[in-house]
Each structure stands twice: as C-alpha cells, then as structure tokens.
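Participant: Give me a 3D structure for the following:
(chains A, B, C and D)
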There are 4 protein chains.
Amino acid sequence: MRNVLGNLITLTLFGESHGPCIGGVLDGLPAGLEIDSEYIKSELDKRKSAPAISTPRREEDIPEFLSGVLNGRTEGTPVAFTIANGDVHSSDYEELAGIARPGHADYSAEMRYGGFQDARGGGHFSGRLTAALVTAGAILKKALEDKGIIIETHIYELAGIRDEDRMTAEIKKARDEVDSVGGILETVILGLPAGVGEPSFSSVESEISSAVFSIGGVKGIEFGAGFDIARMKGSEANDEFAIEDGRVVTRSNNNGGINGGITNGMPVVFRTAVKPTPSIGRKQNTVDFSRMEEVQIEIKGRHDPAIVHRAVACVDAAAALAVADLLCLRYGSGYLLTKEDKMGSNK
Amino acid sequence: MRNVLGNLITLTLFGESHGPCIGGVLDGLPAGLEIDSEYIKSELDKRKSAPAISTPRREEDIPEFLSGVLNGRTEGTPVAFTIANGDVHSSDYEELAGIARPGHADYSAEMRYGGFQDARGGGHFSGRLTAALVTAGAILKKALEDKGIIIETHIYELAGIRDEDRMTAEIKKARDEVDSVGGILETVILGLPAGVGEPSFSSVESEISSAVFSIGGVKGIEFGAGFDIARMKGSEANDEFAIEDGRVVTRSNNNGGINGGITNGMPVVFRTAVKPTPSIGRKQNTVDFSRMEEVQIEIKGRHDPAIVHRAVACVDAAAALAVADLLCLRYGSGYLLTKEDKMGSNK
Amino acid sequence: MRNVLGNLITLTLFGESHGPCIGGVLDGLPAGLEIDSEYIKSELDKRKSAPAISTPRREEDIPEFLSGVLNGRTEGTPVAFTIANGDVHSSDYEELAGIARPGHADYSAEMRYGGFQDARGGGHFSGRLTAALVTAGAILKKALEDKGIIIETHIYELAGIRDEDRMTAEIKKARDEVDSVGGILETVILGLPAGVGEPSFSSVESEISSAVFSIGGVKGIEFGAGFDIARMKGSEANDEFAIEDGRVVTRSNNNGGINGGITNGMPVVFRTAVKPTPSIGRKQNTVDFSRMEEVQIEIKGRHDPAIVHRAVACVDAAAALAVADLLCLRYGSGYLLTKEDKMGSNK
Amino acid sequence: MRNVLGNLITLTLFGESHGPCIGGVLDGLPAGLEIDSEYIKSELDKRKSAPAISTPRREEDIPEFLSGVLNGRTEGTPVAFTIANGDVHSSDYEELAGIARPGHADYSAEMRYGGFQDARGGGHFSGRLTAALVTAGAILKKALEDKGIIIETHIYELAGIRDEDRMTAEIKKARDEVDSVGGILETVILGLPAGVGEPSFSSVESEISSAVFSIGGVKGIEFGAGFDIARMKGSEANDEFAIEDGRVVTRSNNNGGINGGITNGMPVVFRTAVKPTPSIGRKQNTVDFSRMEEVQIEIKGRHDPAIVHRAVACVDAAAALAVADLLCLRYGSGYLLTKEDKMGSNK
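Facilitator: Numbering: from 1, shown residues only, chains lettered A, B, ... in the order given. Okay, here's the model as predicted:
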C-alpha cells in the first residue's frame, strides 16, 4: 500500500529533517521478539560512519520506543519509535528557499506538495529519514541473524575504484576538490531457505527493490550478474544445478539465488548504485522557481563528499525488512522467534 | 499488497501456462474510459514479435473481457479478462517433471509450493502470464497516450551489441549455436508532469521497479545514468536546472527525470536488463530433485534464442501501470479521462 | 485494500449480472488444500433454495476454475474462477433504464459511474455476485470444518416471526400480496481458538462486518447480545469467566465470544439484518432520473418474496473468509492444511 | 490492510494505555489542509465529557504533531502525532495481572500475545487509544464540515431510556449501585453527495463499520431502519424516490441514504450499540488464567459508569475517516481542500 513497506511486517515512516524528530511504526512483529538496543545502535552508527570521512554533523541517534516494546521484548502490537533531530542549522537552508538545488528534490517536491512542504534541509526527502529505516531494519536484521540468515552489505566500488585501500583517498580528494563521489554497494544474503518469494508482483526482486529504492540517492539495482547477464549467452548465464552434501546447489550464481522471483537456496546477491552526494560547495547553475529565474548558487553548510558508506546500513535495513516480510508471508510471523524467544517473557 | 500491483489502479494476475487460460482483474479505472481492442492487439503482437526471430509457438492472443466493459468503454467496475491458452505440447514438458532446468523456476517453485504446482511449461512462472500484463498495461498506455504521456521502450543493447543492424544476425547466430542471448531495454516516458510520485516507499523508482521485476528474466533496473552515475563526480552527475520556454528543465538528465522519488518534468528514463532465455537445446548438467540425483538434460521443444524484443511490450505495460497508478494517486482516477471520454457514453 | 476482502487470504470479485459470467480471484491459499466440488455445489444450492419459496430463475451455478487448482488441490497460486450467467431476460430490465427502482442501486450507481454501468439486472450490484462470494467462501468453510471450526448460519427471525413452522407461510403470504419480507440471520462459529483477531482495525468484528456488508440487502450486524447489550447493566452484561474441563470458559456469552476484538474461545455469535427484497410487483412511485420526472412503475419479471434464506449461504461464506484470513494472519496459511492435506499431492 | 484504516486516507494507531503516550500516523492528506488545533481539542474534550458524569481520571489530551504539519497546514507528507499519557495508577492494575476481568480483553490478549503484552490498564485495548482516533478523525471531520458535509452523533438511547432528561439520573444511579450502563448512539451525515462508495468490499456500510468496530465496547451497528427493516414488508421498507427542488430525494429513508453500498444523496443514518462499561466495582466471579484457578475479584480504581457519551466523539471520528476516504477515492484527495485552502500557504 501507498507509503507503507511490506505486506505482513509493515513499516510506515514519518518525519521531516528539521521537525522535532523522525520516526516510524513497525507492525506485524510477533510477540516476544527481543529488541536489542545495542545492536540497533551499532547499525545506526554504521550509518553515520567515521568523522574522518564524513562531515561533522554529529547527531546522537538514539531511538525512543513509544509503544509495542516491554522489558526489551515486543508485545506483538505496533512498535512506534522516534529519533530526535538535533544539531540543526536552519539558516544554512533558509536562504535556499525557492531554489532548486541540482540533484535534490526541491523542485519536484514543490510541484508535488504545492509549496506546503518544509523545504528546510530537504524536508521529508532528507537522508535523515533513513535513520528510521535503519532502526526498523535492525530489529529484523538481528532476528534473521539469530535464525541463521545473514545480510551483509559492503562497498563493491567507490568512485569507479574496486581497491579498498584507495577508496578513502578518493573521498578525501573529492572533499578537497569541493566535489563528491558515488559508488556501488554489494549485498549478500546467506542462509535464506529455498522457496521464499511470491511470483508476479511480490517476487524477491520486487520486494527488495521497492525497499532499496526508498533510500535517497539510489539509482539502480541489479541481481546476480545483473546487467552483465544481459551480455552473456544462455549457456554461460544458466546456473547448472548440482548436489553437494545432500543439498541442491548451483555451480554458478548468475541469477543471484533467485529463479522466477523465488529463492533457490543459493546466496542472494544484489548490487545497488548510489549517486554522488548532490550537495557540493561549488558554484552551480540552477533556477529560483519561486521567481522563475536562472541563478547561480553555492550551497553552504556541511557536505558529505560521499554517502556510499553511509548507505551500507540503509541497504542492510531495506533488505532485512523485505526478506523478513517474505519469510513471514511464507511461514507466519512466529518464524522470527528463536526457541529462546518462545520460552522467554517480558514480565 | 501481496501479489497485487498498484495502489489505486490495481492489477491481479492469474493463470498457469498450461491451464485453460491466463488472465487478470484490473480495478480502479474510472467509468467511461475507452477500451481500444485494436491497440491492445497491437501491443500483444509486439510481445510475440516476428516469427523470423522467435520460435513458431503461434498463439492468437485475443483477450476476452468478462466484466467491467460495455460497448467499448469501462463501467468503472472491476475489469476481468482472460486469454485462452492454445498450442500446448504437454509432452515436451512432462518428461521434465521433477527436473530443475537451469535458469528456470522449477526447483524454487517445488520448494515454494511443495510439489503442488503445475510444472508443465513453467506453470505460473511462464512468460505466458505477461500476455495478461500487456493486456492490462495496454489499456493504461493508450489512456496515457491520449493525455499526452508517451511511453516508449526499445532495445538499447542486445548480446552486448548497440548496432541495430547487427542485432538480428546475433539472434540467428545464437539459434544456430543452440544457445540464447540477452539484452538491455531502454524506456523513455515523455510528457509526465513534475510532482508525480510518493516519496519513501511509493517513489517513482519503487513503483516502476516493482512492476518491471514481475517480468520473468529481468535481473536489473537503472534510472537515468544508472550504474554509471555511481562513477561520476557530483559536479558531473548533478543536473543543473534552467528555464526554457517558460518551463523548468535540466541541462542534463543523469537523474532520469526523478528527484527524491518524484518526477521533475524531464523525460523519465530507465534501462532494464533481460537475461538470455534459459531454455536452450544444449546438454546441461542439473539435478532431478525428486530423486536427488545429478542428471544431464536436453530441453526439447521450441526455444526463443532471445526474449529481449518480446519484453519490450512487457516493460511498456509495467511502466504504464505504475505511472497511471501514481498519476491517479495524485489527481484522482478521473485524470485518465479525456474531454471526449467525459462527454461519451456507453449506452 | 479497495474492493479486495482480506489481508492474507484475499478475494476480488468481478462480474455484472447480465455479462457472460461472474467470478472471483481467491489468493493466499496454501498449496495442497483440497477443493471439494460437491461441497461448493451444495453451498451454492443453499443460496438458491427451494423453488417452492423462491422464484423460478433457475441457473445452474457450476464454478469453472481457471487457475490455481490441479487435480482437486490448490497449487498455491491465485485461484481464479467464473460462473456462467444464463437464463437472462434482458427485456424485463431494459424498459427500466433510467428509472430508479425504490430500494435498488439504480440511482446511486448512475451517480457513481456516470451512466457507464450496465444497469440491466442491477449490473454489478445484483445478488448474482454472491454466487462468487459463496464459491470462494465454501473453499474456506470446508477447510475450517476439516480443522474443527464450524460455521453455521440459520434464520433467527423472518417477517418478525421466530417460529419456523410459520415462516414458509409468511413468505407465501407475501407472494400473494405481491410484497416481500425480510429477516434476521444468526451465525454461530464453533471451535475457534482464543487469541484470534487484530485489535484496532482488524478486529474480529471489523473483519466479519466488512465481509458481511458486501452482501446486498444487509442493513445491520450485531455481535453477542448486540443491541440488547446496550440495555443491560454491566453486572448483567459481563460474562464471568470459569474453568470447565481444564478450559477457560464464560458462564454467559453476551460478548459473542469476542473481547477487545479478539476471540476468547467461546462460540462467536452474530446476527445479520436482511431487508425485504426491494423488487416487488406493486405499483411504486419513483423518478426517471434520465428525465428528472416523477413516474410510477410496476417491476415486471421474477421476484423473490424473500431473500433471507438465500442469504444464509452468503453469510456463511463471508464469515468463513473473514475467519480464515484472521487465522492465517495468526498462524500462517499452512494452518488451513490438515495432516492428510500435508501428506497429499496433486500429481 | 492489516491494522490500518482506509485506502487512500490511511490511519495507523499505536500505543499502550500505560506507555509514555499513544499516537497515530495519518497519511494521504493533501498538502495545504488547515489543522485546527482548537477544533481538535474540542473534539477530544467531548471524548472526556463532564466530570459530573465520568470518573475523575483527568488527563489533558493535547496532541503533539511530530511531522507533516507546518504553520497550521498539512505538508502532504505523513502526519504523525502523539498524546502523552499521564495520571497513571499502575498499582490499581498490577494486582490484576494474570486475572481475566469479565468483559475485558485480558484473557483474549493473553492468548493472542502469549503473555508479552502490557496488561496494565488494558494495554493496547484500552479506551485510551480512542484519543488518537478522535484526533485524526477531527482533522477530517473539520475538513468535511468546511465542504458542507456534517457528521453528527448523539445519544439515541441510554440504559434503555430515550428521554434525555432522565439519562443523567440513570448514570448516577448506576454509579451508586456500583454498576454501569450502556447505550445506543445515532449518527447522521448530511451533505454527502450521491455516488460515493465502492460496491462489494468497500461499500459505505463496510467502510463505516470497519472503523466503528475499532472503538472498544461497540457490539452492533445498523444503517437506516437497521434491524427494524428486517421486520418490514418491502412495500413499507422501500424508499420511494421523488423530485424536490430539482433534486432526487426519497420520501422515507429506511435505507439510511445508502443503496447498493453507494450513497443516494439522502442523509446517511446509522446507529451504534455500546455495551456497559465492563469495569465495575462489584464482586465478580472469574479466573486467574496464570494459575488456572477460579477467583473472585473487585476491580479497584476509577470506573466510568457509562462510556456511551464518551463514545460520541469516537463514532464521529470513525465516520469522518471512512467518509473522507471514500470521497477521496472518488474525487482525489484534493477534494478535501476548500477554495481558501488552495489559495493559502504555510510559508
């Protein structure tokens, strides 16, 4: 449904970048699921990354749970949470009111919301909302981990470079040049049983891409060999099946663990393209749409030369939500509970 | 919702490849919309393509409307339609029962449906179901066209080749080699007003990718410069705004007409990666999962060496459904009616 | 979602009374569920009832399954079915075009669909569509029965009379007087475990009433003591709990087996008010809305003096769909399968 | 969808009675809609009613808007709000842990949530959550009022009595007797255009009843003449159409303004049965389900002898949400904006 992610495990997000807080409502979790605050915090920290690389906009992201959690375990009712916004420099943004920053949603949002949205800091479109996505996703990511399903996203390529040792240097170079860089993330999901997914419109690819494209800056997604598979011959692309240790496996994994929208038991693999941060300090030509005039701007404020590393936690979260939802559609939401959970209590 | 595409304009598909028919229920259309049978037929014909290139499995796809249409116009109630299946060679498929054809959904489906699905011809996962997708999509594609919104998909690359003159040769070569090729499609949507899309989970990218990934064989999607944007600098990637003929435009279109999940008025551009047809006549190593044995197979029957050109109409349909849904969310379903429609009648 | 019943087990209906057929798409069923054609037929027959009481519009309702069923068991994919319309006397209805039959949806539908709907025989609003509701509901009703959950609707009151022996006489009297009567149905659901339901907007009452109000002619629903409970004191209304045979029970059941929207293990009881058939042969004052003139009409054709008994199967179906959906939300759709189902196969 | 009300205008509620707050997320509102805090407050005050009648549990309900509102107008993004809980006497409830209070959801919830829910004060099932329903409903109720659509609920009957002067006395009598009373509310909706509603599963009755049954204590709903229509003859029940002042009207309104699930332009009328407050101070026989023992209890704390008058604002809210959603499905969400709204701004 509109603006809600998921079918059984559902997430609704809310909040503007410069409002009092952002937050979300996560529904459909079974009762008794452990909420691990430390784990959530570490996922949120990944989203912030090291100050050496990113800009020093240092907000302490600590989710406050308003409902649905009691003594560290879910109650089975909707889980609402907020994360306070802080460290806001409205003045950085107010002089940009009415101006379309290139690569940003200012103009689109003006046309969508007729001038009523909070333009400050990107309003509803700010990357800030991903903190809520990561919070909700962390709950599912941990639950899946406890069931042996591991989701792991890493930087596959940054600024066109595969060599990890050179990546940090590229980011610093971009900062020096008052520019920004993008990158490609790769996600591997291990331990997912075969038979998960709903063909047609709730295939594994549909569900994961729906979630991943909610992350700002994402411009592409590919599964398995992705766009490269389009250049292979069938004899080369087809993953031949085999039996190993009594299990059905494939010898290659060009299909990324998904056939016909349903998992086949092999690792699910996908890559996400993240564009370079649009906010750069250079002079840019653009328009003031409130006056319909062409102008030049320099965006003051604090700019991340790269958001790729910050997106790692976001993609993990998106994948966790999509995968958990599909598993629960298949097996019921009780699937998320471990034996220990089922014996536990929050009393 | 599960297995249903869309929020306001919704499509439910049903049917197995070797059942009596496939079909769909399209709901949310306003009353009075013209149903142009010729237009639908021409879209379905595109899906079949020329016999010179594809295999001669020649079914005449003529949708039969069971409800919701009266004298060539919608009644405003759910539109159900079926398309008869014909020209079925069950024997081609029955000896493959229990065998996982590489690149196909046989094993995944076995795990998903516990052995109860109709494996013949790929059951629910067959490309046949796209005939229903194209039928429903054609209705919206035509309505959008009449409103000045044009959706156009073409083959961007086939078998790694950009040159159109060489493409047909590549397909024939693949046929001769008893192999198959894939390709990349490019879709351009013109005339979409700015301000369309719902940020977060119903962004333009989320909605389009949800729909496109329902097409079998699709393994990737990218918007604007897509994966290439991940290799650009921000100064290069950012689309600078300008004013032309009193309208806001961008000088480049690396973002593919979408900012923050919402259209900005520029052409929406995306590319779809289609894998090579999995069914090839060559010997392939695989498993018989009913006996858990490794086997070799040669898939008899009629094989398309390429399905890329057939996917063109499917991607058009998927895009039309997604775009129409977002427009109606924004403006109400009456948006789809032209002045002539509003004055018309089906009595 | 709009025009779709259910969350996990979903039903979409389509069809107009005088189109070629009516039908539905039932999705979310697990693979391997037995489809008992005889059972479905007997439920459809209840919907028709004995000719002695009802009018002789005798259509043989035999559902044709288009998808999702193989060798008598579900495949786990969407189950689409149609029921042919026959025995149509268009001429009976055509002279009423543009006229608002009192108690019917002619005028409402004209305003809703702007004149594009098929007015003949009530179009989409005809009782005919309940044949599709009963077909889908029968599948779930049988599955629930096999799990020990019994749904039983009977006539509680007809034409204000409780005495069954006098009911048939009342119907015949109404026929003689060229009039019609209504009644109240009572439904009991036995064997439902405690803990089923989603508080707030998917409570047992919300789900059942949503489904039951889709049946034409229904004007009220009450649970347990219903409107009478509003006249009780708390000390009288409260159902005291007790322990019987090691189970928690209540000594009275004024709450109809539901507390806080969730079942408590006692029989779920509700009553449905069905208005008298609007089509009566008498002269009635009304308007011709195509000319905005007051007119008098006599509705020719075949009129049921009562539809109450025919609604019994419809309410059973509605309740079965709602209850099955809530059970599957709670336990997963595999809940519907018996041990025998799980060992069965459709191969 | 599960636990979400509405199709286009959607409401998600969250919160436990003894958590820090309750709240909701209201989505789908157009940008520019005025948020009238005074109006919302007055609706919330109605929900509390005069202390002379109700118990002195005096919480100041002031909604705090976390998102989607700027300078008193909606931004078009999700509107999240919370209402702080205060004045909590946990000790009143803790000794009841494990005990099934008759008429309450304690046992049902224990079975549903496996012991993980917050039993204190009824947890998620407390009437407290209706403060969030009323807040969201008030926004729509006001918007509808500004469009000339008036929703008005009043007490039709209390403790079996129709005479208003005697009602207060009945409530006081119940309090003296340490008992409680219920009642029947009647709601009239004026100004709704004809043609609103979606037949089948999103009929006006389905949508309103879905919303109304989310209010705790509601045990029945009837439209128009409701259960009485079941006792009428067709000649008596049918509402004859006529033309008055150039408009189509009906001479009677037994159908409550709804035919075939769609409005016909006459006032929509429905009645809601509210059971007597379950919490009474008398000795009651019940069970302690944690020990499976029969026990006697006396519920300490503060008890409302009647919640009927408090439910008036809740039913108004439920009706407003359902009606606004159906209107927006029909006309687009811009329908909710007045000319003044469209010219306004929140800048």
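Participant: How about the contacts made by the closest residue to A:Ser180 other than its chain neighbours?
Facilitator: The shortest distance from A:Ser180 to any non-neighbouring residue, by CB to CB, 6 or more residues apart in numbering or on different chains, is to B:Gly234 (3.4 Å). For glycine as for every other residue, the C-beta is placed from the backbone atoms N, C-alpha and C. Counting by CB atoms under 8 Å, 6 or more residues apart in numbering or on different chains, B:Gly234 touches A:103, A:174, A:179-182, A:276-280.
Participant: Would you list the phi and psi of B:Gly234?
Facilitator: phi -60, psi -40 (degrees, to the nearest 10).
Participant: same question, A:Met232
Facilitator: According to degrees, to the nearest 10, A:Met232 has phi -90, psi 160.
Participant: burial measure for it, as a count.
Facilitator: 20 (other CB atoms under 10 Å in any protein chain shown).
Participant: Likewise for A:Leu13?
Facilitator: 29.
Participant: returning to what we had before: which pair of the contacts of B:Gly234 spans the longest distance?
Facilitator: A:Gly103 and A:Ala174 (14.6 Å; CB to CB).
Participant: Who has more neighbours out of those two?
Facilitator: A:Gly103 (28 against 25).
Participant: I'd say the more buried one and B:Asp239 touch.
Facilitator: Yes - the pair A:Gly103 and B:Asp239 qualifies as a contact (CB atoms under 8 Å) at a distance of 6.6 Å.
Participant: Just the pLDDT at the closest residue to chain B within the stretch 201-347 of chain A, thanks.
Facilitator: Closest contact between the stretch 201-347 of chain A and chain B, by CB to the nearest CB, is at A:Gly260 (2.5 Å). pLDDT, A:Gly260: 93.
Participant: ok, the closest residue to it other than its chain neighbours to A:Tyr39 distance?
Facilitator: Nearest residue to A:Gly260, sequence neighbours excluded (CB to CB, 6+ apart): B:Ala105, at 2.5 Å. B:Ala105 is 35 Å from A:Tyr39, where distance means CB to CB, to the nearest Å.
Participant: Which one's more surrounded, the two?
Facilitator: B:Ala105 (29 against 15).
Participant: Smallest gap between the stretch 1-150 of chain A and chain B, at which residue?
Facilitator: A:Ala105 (2.5 Å).
Participant: how about A:Lys173, secondary structure?
Facilitator: When classified by DSSP: H, G, I helix; E, B strand; the rest coil, A:Lys173 comes out as helix.
Participant: residues near it, how many?
Facilitator: Neighbours of A:Lys173 (other CB under 10 Å): 14.
Participant: likewise A:Ala313?
Facilitator: Neighbours of A:Ala313 using other CB under 10 Å come to 25.
Participant: What would the helix or strand containing it look like as CSV? C-alpha coordinates only.
Facilitator: Here A:Ala313, judged by DSSP states H and E, is contained in helix A:308-331. Extracted in CSV, the C-alpha atoms of helix A:308-331 (Å, rounded to 0.1, in the frame of the first residue of the first chain):
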residue,chain,number,x,y,z
VAL,A,308,28.0,5.5,-0.1
HIS,A,309,29.5,4.1,3.1
ARG,A,310,26.6,5.6,5.0
ALA,A,311,24.2,3.8,2.7
VAL,A,312,25.6,0.4,3.7
ALA,A,313,23.5,0.2,6.8
CYS,A,314,20.5,1.5,4.9
VAL,A,315,20.6,-1.2,2.3
ASP,A,316,21.1,-3.8,5.0
ALA,A,317,17.9,-2.5,6.7
ALA,A,318,15.9,-2.4,3.4
ALA,A,319,16.9,-6.0,2.6
ALA,A,320,16.1,-7.2,6.1
LEU,A,321,12.6,-5.7,6.0
ALA,A,322,11.9,-7.2,2.6
VAL,A,323,13.3,-10.6,3.4
ALA,A,324,11.6,-10.8,6.9
ASP,A,325,8.3,-9.9,5.3
LEU,A,326,8.6,-12.6,2.6
LEU,A,327,9.6,-15.2,5.2
CYS,A,328,6.6,-14.4,7.4
LEU,A,329,4.3,-14.5,4.4
ARG,A,330,5.6,-18.0,3.9
TYR,A,331,5.9,-19.3,7.4
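Participant: just to revisit the earlier point, what residues are shared contacts of A:Gly103 and B:Asp239?
Facilitator: B:Asn255.
Participant: Compute the distance from the centre of stretch A:13-33 to the centre of its chain.
Facilitator: On the basis of CA atoms, centre = their mean, to the nearest Å, stretch A:13-33 sits 15 Å off its chain's mean C-alpha point.
Participant: Quick check: mean pLDDT of it?
Facilitator: Mean pLDDT, computed over stretch A:13-33, is 93.
Participant: tell me which parts of the stretch 51-200 of chain A are close to chain D?
Facilitator: Neighbours of chain D within the stretch 51-200 of chain A, by CB under 8 Å from any CB of the partner chain: A:66-68, A:70, A:73-80, A:82, A:97, A:112-118, A:123-124.
Participant: buried subset of these?
Facilitator: Neighbour counting by 16 or more other CB atoms under 10 Å in any protein chain shown classes A:66-68, A:70, A:73-80, A:82, A:112-118, A:123-124 among these as buried.
Participant: Which of those fall in strands?
Facilitator: Within these, residues falling in strands by DSSP state E are A:70, A:73-74, A:79-80, A:82.
Participant: Most widely separated two among those?
Facilitator: Of all pairs in these, the most separated under CB to CB is A:Arg73 and A:Thr82 at 19.7 Å.
Participant: Extract the C-alpha set from stretch A:257-274 and format it as PDB.
Facilitator: What follows is stretch A:257-274, C-alpha atoms only, in PDB (Å, rounded to 0.1, in the frame of the first residue of the first chain):
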ATOM      1  CA  GLY A 257      20.000 -17.000  -5.800                       C
ATOM      2  CA  ILE A 258      16.600 -16.200  -7.300                       C
ATOM      3  CA  ASN A 259      14.700 -18.100 -10.000                       C
ATOM      4  CA  GLY A 260      11.200 -17.000 -11.100                       C
ATOM      5  CA  GLY A 261      11.100 -14.500  -8.200                       C
ATOM      6  CA  ILE A 262      11.700 -17.200  -5.600                       C
ATOM      7  CA  THR A 263      14.800 -18.200  -3.800                       C
ATOM      8  CA  ASN A 264      16.600 -21.400  -4.700                       C
ATOM      9  CA  GLY A 265      18.800 -21.700  -1.600                       C
ATOM     10  CA  MET A 266      22.000 -20.100  -3.000                       C
ATOM     11  CA  PRO A 267      23.200 -16.800  -1.600                       C
ATOM     12  CA  VAL A 268      21.000 -13.900  -2.800                       C
ATOM     13  CA  VAL A 269      23.300 -11.300  -4.300                       C
ATOM     14  CA  PHE A 270      22.400  -7.800  -5.500                       C
ATOM     15  CA  ARG A 271      24.200  -4.500  -6.200                       C
ATOM     16  CA  THR A 272      22.900  -1.000  -5.600                       C
ATOM     17  CA  ALA A 273      24.100   2.100  -7.400                       C
ATOM     18  CA  VAL A 274      24.400   5.200  -5.300                       C
END
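Participant: I appreciate the help and will end here.
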